[in-house]
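> sequence first, then the predicted structure, then my questions.
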Amino acid sequence: MKTRYLPPGSMRAQRRRGRIEGSVATLAVVAAIGLAMIAATPVELYRPAAATPAANSAPIDQFERVPLTPCTDWGSKDCMNVDRQQAVYTVPEPGTLALIGAALVGMWTKRVRS
């Protein structure tokens, strides 16, 4: 049996209608999802905060300052020894090295163009 083909362009209207129906269906699904998200959102997020007059606000608690005990163990977490000399190694950050490299490349390309 020989396969029969439709003439060219005979399905054009059906294809166009299918694209329109698909676009409308996609729009309807997106709108339904948006409305569902709005419906699921708590109402408190849409209402403005109620104003609180200053007369009704609670007084601020006052705390006494208690002096700290002196540290005897300099290796502990909360002690700090400012007299002890520590070795400080200055190593530039990778971003600084990248900027220096970019500046050198920029200077080199400016000389090459001149």
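On my side now, so go ahead. Computed from a prediction, not measured in an experiment: that's the story for all the values here.

> mean confidence score for the helix or strand residue 103 falls within?
In this structure, residue 103 sits in helix 94-113 according to DSSP states H and E. Averaging pLDDT along helix 94-113 gives 83.

> show residues contacting that helix.
Judged by Cβ atoms under 8 Å, 6 or more residues apart in numbering, the contacts made with helix 94-113 from elsewhere in the structure are residue 92. Yep, even glycine has a C-beta here, placed from its N, CA and C like the rest.

> what about 10 Å?
91-93 (Cβ atoms under 10 Å, 6 or more residues apart in numbering).

> can you pull the buried residues of that helix?
By neighbour count on 16 or more other Cβ atoms under 10 Å, the buried set for helix 94-113 is empty.

> before we move on, the earlier item: now the contacts of helix 94-113 as a markdown table including neighbour count?
Listed next are the contacts of helix 94-113 as a markdown table, based on neighbours: other Cβ atoms under 10 Å:
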| residue | neighbour count |
| --- | --- |
| 91 | 7 |
| 92 | 10 |
| 93 | 8 |
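
> so can I have JSON lines of those showing distance to residue 27?
Rendered in JSON lines, the data for the contacts of helix 94-113 read as follows (distance: Cβ to Cβ, whole Å):
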{"residue": "91", "distance to residue 27": "57"}
{"residue": "92", "distance to residue 27": "55"}
{"residue": "93", "distance to residue 27": "50"}
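
> ok, of those residues, which one's closest to residue 43?
residue 93 (48.3 Å; Cβ to Cβ).
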